[in-house]
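Participant: From the sequence below, what's the structure:
(2 chains)
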Amino acid sequence: MLYWSLKTLLSEPVRLLVSALAVAVSFILVIFFSAVFEGESEQMVLYLEKMEADVWVMQKGVSNMHMTSSMVWDWKVDRIAQMPEVKEVAAILYFNGAVKIGGKDWFSYVIGISPQYRRTAPWAMVQGKSLPGPGEAVIPEVISQLTGVQIGDEIMLTDRPLKVVGLSRETFSMASAVVFVAREELGDLLEGRDQYSYIMVYAEPGVNAKTLAERIKQEIDKVNALTSEAFIASDRQLAVQMGAEIVRMMTMIGTLLATLIVAFTAYSLIARKKQELAITKALGFGNKQIYLAALSQTVVVTALGLLLALLISFTVLQWLPTVAPQINLSVRLHQFTSIAMVTLPVALLASLSAARTVAKVDPMTVFHQ
Amino acid sequence: MQTDMILQAIDLNKSFGQGEVLVQAVESVSLEIKRGEMILIMGPSGSGKTTLLSMLGALLSPTSGHVFIDGTDISSMKAAALAALRAQKIGFVFQAFNLLEALTVEENILFPARLSREGIAGARERLVTLLERLGLTARRKALPNTLSGGEKQRVAIARALINQPPIILADEPTGNLDSHKGQEVMMILHDIARDEGCAVLMVTHDPRVEEIADRVLWLEDGALRDRKSEQHAWVIDPVCGMRVDEWSASVTTDYNDEKFVFCSNRCLERFNAQPEHYIDEAR
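Facilitator: Predicted coordinates:
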């Protein structure tokens, strides 16, 4: 029966390909949602990763950067810098909120940079200078492409006009862009001229970051200190929590769509072959054998759909960033494996409609002309 | 111990519907068929021939009565057991050939062998024999849509025989064939009954077969009756010139208020393509 079912499937290659493509489309949706989510999550913590600090110090009670505010007196930066086993420190003032660029509000991480901490400035520039002075800003290149705002144009940070002096790379995500301004400018805006938000600590070689973080917490009053690893993980988790529900829903919709398409395909395959199923029943094949044959067809269609989805996704995801730079995509092996794991339940579920049809096929129809 | 009796029906009844719409399709039919016998079931259209054949072939449960196949009462068997019984004991030949379109000639013939004890490997030798006997060796790799009607029916016969069942049930096996091909198929079935010891039970309207059958059972209004000779109404098929019994014929058409009777659907199709030509020739 399996041989018959597979040969029947392969005897109509165009129909098989169309069915597999339909299944592939729904899987592509799932892969795409997942890739966007992963890409956005990675982009949201990229600034933290690029700073390559060993320990991050922030206001007590704070353990994130995303959707958070933190204020630490500037003298604490000096205190930490003087601690043994600390090689270097850097600090930023930080604010998250909307920046009006090209007439549109962009939710942004606004990083206030001090000239003495150059390493907190953008790490990849496309054009202009990376260290903004008072009244100046460095914006992501992607926003410049999307809005047409160029170097020399004006943007608004709350009620404050700033002149664009640089375009940075790798600083844009749909959920949050990174805009760099002078720390002096941001301090004035936040009424925190003698404060920083986050202090990056670089340890001497061989120093354990966790031990150093604990020591900072003990010695410096009212601060929280986390290893870079823990801080990034905490921020990533927050970002994931915020998007996870949406992605889960999108994945469910995609999976449901795939199931419906496979179910329809399986049903139409079976419905068109009712007469042949009646023949097999008359010849002595049981419902179970015929159902397994129908299931093998749905498995083949689903697996082929998955394979096509992977091939198309891989090609499209490589090409998409060139035409839609605002979309951050990240494709990881676990995304493909989780989709592959969904395949079998989808095929099983989808074959239920075919099973019902198989059970109802009357072998007596072999006598019909 | 093997007995000569292979198929037996005792007081078989089948009705459909209930109350005022109750239709008694088969009524109190009892019959016995021995190995090697070729039996025809004839009768007018709607007389219950196919319903009877379906019950004897374990495809339809009787409303009452018993069917014994090779000594086993199948009346109370479950669907799965009936399917297994069909695979082992019964070969089917249908009017519409009913081949599996995606499979080649030899794959179609071997298809039921998957259900036999020997499996496909065990059936290969018999496949070669059947292909030779039925003149299909050169067409063994062909797909059904490239075969003629006669070839399709020969493939169907080979498929029915591959598991060496003791019973062959044939439903109008010549209905879609012209007279020459029909004759050929009849002779094959006759030889099978003789050579292989199969009981061949055939539903047909074709009066030519009567000559080679061991017995003819006449079914009328669902019951077996004696056929009276005056119930023959011989007419000539305008296409092939064969003698056809108008009274029992199922392939007929009306053209210019005149009724024409045919030996097969093939002849009817030819007639429909050029009716004036065949009417002129017949006159």
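Participant: who's in contact with the residue lying closest to A:K281 once chain neighbours are set aside?
Facilitator: Distances taken as Cβ to Cβ, 6 or more residues apart in numbering or on different chains place A:P363 nearest to A:K281, at 3.8 Å, with adjacent residues excluded. All C-beta spots, glycine's among them, are computed from the backbone N, C-alpha and C. Taking Cβ atoms under 8 Å, 6 or more residues apart in numbering or on different chains, we find A:P363 in contact with A:278, A:281-282, B:59.
Participant: Let's have these in a markdown table, adding distance to A:A225.
Facilitator: Output for those, formatted as a markdown table (distance: Cβ to Cβ, whole Å):
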| residue | distance to A:A225 |
| --- | --- |
| A:A278 | 75 |
| A:K281 | 73 |
| A:A282 | 78 |
| B:L59 | 81 |
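Participant: Most neighbours among those residues, please name it.
Facilitator: Of all the contacts of A:P363, A:A282 has the most neighbours under the rule other Cβ atoms under 10 Å in any protein chain shown, reaching 26 neighbours.
Participant: do you know how far that residue is from B:I168?
Facilitator: A:A282 sits 13 Å away from B:I168, taking Cβ to Cβ, to the nearest Å as the criterion.
Participant: Now list whatever residues contact both of the two.
Facilitator: Counting by Cβ under 8 Å, 6+ apart, the contacts common to A:A282 and B:I168 are B:F92.
Participant: In which helix or strand does the nearest residue to A:R183 once chain neighbours are set aside reside?
Facilitator: The shortest distance from A:R183 to any residue other than its chain neighbours is 3.7 Å, reached at A:G112 (Cβ to Cβ, 6+ apart). Here A:G112 sits within strand A:104-113, counting by DSSP states H and E.
Participant: now that strand: mean pLDDT?
Facilitator: What strand A:104-113 shows for mean pLDDT is 93.
Participant: packing partners for the helix or strand following it?
Facilitator: Note on strand A:104-113: by DSSP H and E, the next helix or strand toward the C-terminus is strand A:125-128. Using 3 or more Cβ pairs under 8 Å, 6 or more residues apart in numbering or on different chains; DSSP states H and E, the elements in contact with strand A:125-128 are strand A:160-168.
Participant: how far out from the middle of the chain is the strand holding A:G112?
Facilitator: 20 Å (Cα atoms, centre = their mean, to the nearest Å).
Participant: One more: stretch B:258-265?
Facilitator: The answer for stretch B:258-265 is 20 Å, by Cα atoms, centre = their mean.
Participant: Tell me which residue of the stretch 101-250 of chain A lies closest to chain B.
Facilitator: In the stretch 101-250 of chain A, the residue that lies nearest chain B is A:M250 (38.3 Å; Cβ to the nearest Cβ).
Participant: Can you give me the distance of that residue to A:L146?
Facilitator: According to Cβ to Cβ, A:M250 and A:L146 sit 23 Å apart.
Participant: same question, A:S228
Facilitator: 31 Å.
Participant: which of these two has more neighbours?
Facilitator: A:S228 (20 against 17).
Participant: hang on, the more buried one packs against A:A53?
Facilitator: Yes - counting by Cβ atoms under 8 Å, A:A53 is a contact partner of A:S228 at 5.1 Å.
Participant: hang on, B:I33 packs against B:A193?
Facilitator: No - judged on Cβ under 8 Å, B:I33 makes no contact with B:A193 at a distance of 10.5 Å.
Participant: shared neighbours, the two?
Facilitator: B:A199.
Participant: Next, please give the residue ranges for the strands of the chain.
Facilitator: Here I'm looking at chain A. A:55-59, A:72-73, A:86-101, A:104-113, A:125-128, A:136-140, A:154-157, A:160-168, A:177-182, A:195-196, A:198-203, A:223-227 (DSSP state E).
Participant: wait, chain B
Facilitator: Taking DSSP E as the criterion, chain B contains strands spanning B:5-16, B:23-34, B:38-42, B:64-69, B:72-73, B:90-93, B:167-171, B:199-203, B:215-220, B:223-225, B:234-236, B:243-245, B:252-255, B:258-261.
Participant: for these, which one sits closest to A:R236?
Facilitator: strand B:90-93 (66.1 Å; Cβ to Cβ).
Participant: Just the ones of the contacts of A:P363 in helices?
Facilitator: Judged by DSSP state H, those include A:278, A:281-282 as members of helices.
Participant: With distance to B:I39 and pLDDT added, can I get those residues in CSV?
Facilitator: Formatted as CSV, the ones in helices among the contacts of A:P363 follow (distance: Cβ to Cβ, whole Å; pLDDT from 0 to 100):
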residue, distance to B:I39, pLDDT
A:A278, 25, 88
A:K281, 25, 89
A:A282, 20, 89
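Participant: can you list these in JSON lines and add distance to A:F264?
Facilitator: Below are the ones in helices among the contacts of A:P363 laid out as JSON lines (distance: Cβ to Cβ, whole Å):
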{"residue": "A:A278", "distance to A:F264": "22"}
{"residue": "A:K281", "distance to A:F264": "23"}
{"residue": "A:A282", "distance to A:F264": "27"}
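Participant: Closest one of those to B:D11?
Facilitator: Closest to B:D11 out of the ones in helices among the contacts of A:P363 is A:A282 (25.1 Å), distances taken as Cβ to Cβ.
Participant: Contacts only, for the closest one.
Facilitator: Applying Cβ under 8 Å, 6+ apart, the residues contacting A:A282 are A:363, A:366, B:57, B:59, B:86, B:92, B:98.
Participant: And it, how close does it get to B:V93?
Facilitator: A:A282 is 11 Å from B:V93, by Cβ to Cβ.
Participant: cool, B:V239 as well?
Facilitator: From B:V239 across to B:V93, the span is 24 Å (Cβ to Cβ).
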